[in-house]
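1. Sequence and predicted structure below; questions after.
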Amino acid sequence: MSVCGAARCCWIQSRSAVRRILQQNRTVCSHTNGSAESIRKKLQAFSGGSIDLQKQQDSGIAVLTVNNPARMNAFSGSMMLELEQRVCELETWTEGKAVIVQGAAGTFCSGSDLNAVRAIANPHDGMKMCEFMQNTLTRLLRLPLISVALVEGRALGGGAELTTACDFRLMMSDGVIQFVHKYMGLVPGWGGAARLVRIVGSQTALKLLSGAKKVDPDFGKQIGLVDEVLHCSSSEENALAHAEQWLTQFIKGPAPVIQAVKKVVVSGRELPLGEALQTERSVFGTRVNVALTGPWELPAAHTVMAAGRRDKLRDLPPVEQSSSERSGSPSPGDTLPWNLPKHQRVKRSKSASGDVLDPAERAVIRIAGLLSYLLIRSRTRSFFSPADG
Ligand SMILES: C[C@@H](C(=O)O)C(=O)SCCNC(=O)CCNC(=O)[C@H](O)C(C)(C)COP(=O)(O)OP(=O)(O)OC[C@H]1O[C@@H](n2cnc3c(N)ncnc32)[C@H](O)[C@@H]1OP(=O)(O)O
C-alpha cells in the first residue's frame, strides 16, 4: 500500500474510533439524561458543600476538590449534581493530561450525606441515586486524563467508592480507605464493588467488603489498592505538591499523546479483545497522522524507530553519536521540547537553524526525509506506470 493509501486508511479508522468512543460516552450520558430527571430534582433539594475544579493550564493537571468540611466532605445531593458537571467540563478539556481528586481540609470524603440518604431511603429513589452516581463515576474513570485519588484522612463508604473511580490511589500516611457499607446494612451502590473487584481481585474485594476492613497505607500497598504512599506533613498544599510531583513521571509530553494512551487503556479494560484491538489500531492511526505532519509530535515515536530501524534503513548513514551522547549526557531525546525546562525550550527554538540538534532529533529529520522520498517515489512510479501507457 502506498504511503498515501496507508495514511488515508488510518484516517478512516481513526474517525470510526473517535465515533465509537463518543458513542460509548453518549450511552452513559443519555442514560443519565433520559431517566434521572426526577432524582435530579430530589438531589437538588439536599444542598450544602461544593465540588470545586481548578484547571492548571500550564501543567495540564486539574484538581477536583470534594468540599464540605463541616460534614467530613460527605456528598450532599447538590454536590452529586455538581460532580457530574465537573466531569463534563473535564471531558472537553483538550489541553488536560491528569486530574487529582482530593478532599478539602485534610480528609478525603465520608460518603453520602447521611441526611440525604435517610430522606431518599426508599428502594426506587435509592436505586436512581445509585444509577446517577454510577454514571458520573464511570465517566470520571473513562476521562481521557490520568486520574489520581489523593487520600488524606478518611475515605469512607461512598468516599471509598470514589477512590476506585480513579486510575491511581495515592495515600498520605494518615489515610484510611474503608467500605463501611456493611455497618449500615448496605452494599456499595456507586459501582464501587464492581471496580474494587477489578482492582484487587474478587477474593480481596470480598474480604474488604464483608469485613468492612480498614485499609491503611501499608495494607493498601500490599493488596494493590494503593499505588504509592506519600510521606509528608499533613498540610494540604504539601500533599497536593507531592501528588503533582508523583504524576510528572506519567504526563511528560503533549496532551494528545497522554490522552491517546489513556484511551487505549480504557478500551483494553472495557472492550472485548477484538474491539479493543481495533480501537488501538485506530488511535494509533490518529497519532501517526499527526506525527507525520507535526515535527513536535513525531519524537515520541522516533526514539524507538531510530534505535530499532537503524540497520534496516540501509540508504541512510548510521545515526551519529554526538560527543555529549558519548559522554553519557544528555541521552537521545533529552533536548526534545517537553524534556527541557521552559527557559531552555525557548532558547532552543530561537536557534532552530540547526546547531543544537541532538541525535534523536537528527534521526527524526532523517526519518522525515525518508518518508518524503518514499512518498515522491510512489507518486512518480504511479505516474510512469505501464497502466498509464
Ligand atoms: C450509602 C453509602 C453510599 O452512598 O455509598 C454511604 O456513603 S453512607 C455514608 C457512609 N459514611 C459514614 O457512615 C461516615 C459517618 N461518619 C462517621 O463515621 C464519623 O463522622 C467520621 C467520619 C468517622 C468522623 O468522626 P469524628 O469523630 O472525627 O467527627 P464527627 O463524627 O464529629 O463528624 C464531624 C461532623 O461531620 C458529620 N458527618 C460526618 N460524616 C457524615 C456523613 N456521611 N453524612 C453527614 N454528616 C456527616 C458529623 O455528623 C459531624 O457533624 P456535627 O458536628 O454537626 O455533629
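-> Nice, thanks for sending it over.

2. Identify each buried residue in stretch 172-185, please.
-> By 16 or more other C-beta atoms under 10 Å, the buried positions in stretch 172-185 come out as Met172, Gly175, Val176, Ile177, Gln178, Phe179, Val180, His181. Backbone N, C-alpha and C define where each C-beta goes, glycine included.

3. So which residues on the chain come close to the ligand?
-> Proximity of the chain to the ligand, by C-beta under 6 Å from any ligand atom, involves residues 71-72, 74, 110-115, 117, 154, 156-158, 161, 180-181, 186, 188-190.

4. wait, Cys232 sits on Leu240?
-> No - the criterion here is C-beta atoms under 8 Å, and Cys232 misses it with Leu240 at 10.1 Å.

5. Can you pick out the residue with more neighbours from those two?
-> Neighbour totals were compared for Cys232 and Leu240, and Leu240 leads with 18 against 13 (other C-beta atoms under 10 Å).

6. Quick one: residues contacting whatever residue of the chain ends up closest to the ligand.
-> Nearest to the ligand in the chain, going by C-beta to the nearest ligand atom, is Gly111, at a distance of 2.2 Å. Applying C-beta atoms under 8 Å, 6 or more residues apart in numbering, we find Gly111 in contact with Ala74, Phe75, Leu156, Gly157, Gly158, Gly159, Ala160, Glu161, Val180.

7. mind putting those in JSON lines, secondary structure and pLDDT included?
-> What follows is these, written out as JSON lines (DSSP: H, G, I helix; E, B strand; the rest coil; pLDDT from 0 to 100):
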{"residue": "Ala74", "secondary structure": "coil", "pLDDT": "98"}
{"residue": "Phe75", "secondary structure": "strand", "pLDDT": "98"}
{"residue": "Leu156", "secondary structure": "strand", "pLDDT": "98"}
{"residue": "Gly157", "secondary structure": "coil", "pLDDT": "98"}
{"residue": "Gly158", "secondary structure": "helix", "pLDDT": "98"}
{"residue": "Gly159", "secondary structure": "helix", "pLDDT": "98"}
{"residue": "Ala160", "secondary structure": "helix", "pLDDT": "99"}
{"residue": "Glu161", "secondary structure": "helix", "pLDDT": "99"}
{"residue": "Val180", "secondary structure": "helix", "pLDDT": "98"}
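
8. would you turn the buried residues of stretch 172-185 into JSON lines with secondary structure?
-> Conversion of these to JSON lines gives the following (DSSP: H, G, I helix; E, B strand; the rest coil):
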{"residue": "Met172", "secondary structure": "strand"}
{"residue": "Gly175", "secondary structure": "coil"}
{"residue": "Val176", "secondary structure": "strand"}
{"residue": "Ile177", "secondary structure": "strand"}
{"residue": "Gln178", "secondary structure": "strand"}
{"residue": "Phe179", "secondary structure": "coil"}
{"residue": "Val180", "secondary structure": "helix"}
{"residue": "His181", "secondary structure": "helix"}
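
9. Would you reformat the residues you listed as CSV and include distance to Glu89?
-> Formatted as CSV, the buried residues of stretch 172-185 follow (distance: C-beta to C-beta, whole Å):
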residue, distance to Glu89
Met172, 27
Gly175, 27
Val176, 30
Ile177, 26
Gln178, 30
Phe179, 29
Val180, 30
His181, 29
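
10. Which residue is the nearest non-sequential neighbour of Arg198?
-> Arg269 (7.6 Å; C-beta to C-beta, 6 or more residues apart in numbering).

11. secondary structure class for the one you found?
-> helix.

12. now swap in Ile51 and tell me
-> strand.

13. give me every residue that touches it.
-> Leu64, Thr65, Val66, Asn67, Met79, Glu82, Leu83, Gln85, Arg86.

14. neighbour-wise, which of those residues leads?
-> Val66 (27 neighbours).

15. Quick check: helices, which of the contacts of Ile51 are part of them?
-> Of the positions in the contacts of Ile51, Met79, Glu82, Leu83, Gln85, Arg86 sit in helices, assigned by DSSP state H.

16. need the residues you listed in JSON lines with distance to Ala194, can you?
-> Shown next, in JSON lines, are these (distance: C-beta to C-beta, whole Å):
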{"residue": "Met79", "distance to Ala194": "22"}
{"residue": "Glu82", "distance to Ala194": "24"}
{"residue": "Leu83", "distance to Ala194": "19"}
{"residue": "Gln85", "distance to Ala194": "24"}
{"residue": "Arg86", "distance to Ala194": "22"}
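
17. between these, which is closest to Asp58?
-> Nearest to Asp58 among the ones in helices among the contacts of Ile51, counting by C-beta to C-beta, is Arg86 at 19.8 Å.

18. isn't that closest one right up against Leu64?
-> Yes - taking contacts as C-beta under 8 Å, Arg86 lies within contact range of Leu64: 5.9 Å.

19. so which helix or strand takes in Leu170?
-> If you go by DSSP states H and E, Leu170 is part of strand 168-172.
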